[in-house]
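**Q** pasted the sequence and its predicted model underneath.
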Amino acid sequence: MEAKMSKFFDSVGNFFTGGDNIPWCDRDIIAIQPDWRQASSLKKAIEDKIAKDGVIGIGIATTAVGLIVGGIAAALARRN
């Protein structure tokens, strides 16, 4: 029980500080105690955060590409 609690609190601490080993700790907790609701909700929160960060990254990359293409189009239009 103590090992389970330790892993859970490590995962929670890493989640709120932006640690990079969150998903692996969470899988260990789920493997030890699959019906533990706190671990399951932490896993869902982690997956949601990862998905949100991915969407934000895609949005930033798309905006950058759009600005570059717009700049090139403006430069070509100005040449003619």
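**A** All right, it came through fine. Residues are numbered from 1 along each chain as shown.
**Q** every contact and neighbour count from this point should use C-alpha atoms.
**A** Noted.
**Q** pLDDT-wise, which helix or strand of the chain ranks last?
**A** helix 22-32 (a mean of 63; mean pLDDT, DSSP states H and E).
**Q** which neighbouring elements make contact with the helix or strand following that one?
**A** Once helix 22-32 ends, the next helix or strand along the chain (criterion: DSSP states H and E) is helix 37-79. In terms of contacts (3 or more Cα pairs under 8 Å, 6 or more residues apart in numbering; DSSP states H and E), helix 37-79 is packed against helix 2-17, helix 22-32.
**Q** and the closest residue in space to Val12 that isn't next to it in sequence, how close does it get to Ile68?
**A** Excluding its sequence neighbours, the residue lying closest to Val12 (Cα to Cα, 6 or more residues apart in numbering) is Leu42, at 7.4 Å. Separation of Leu42 from Ile68 (Cα to Cα, to the nearest Å) stands at 39 Å.
**Q** look at these two and report which has more neighbours.
**A** Neighbour count, other Cα atoms under 10 Å: between Leu42 and Ile68, Leu42 has more, with 18 against 12.
**Q** appreciated, that's everything.
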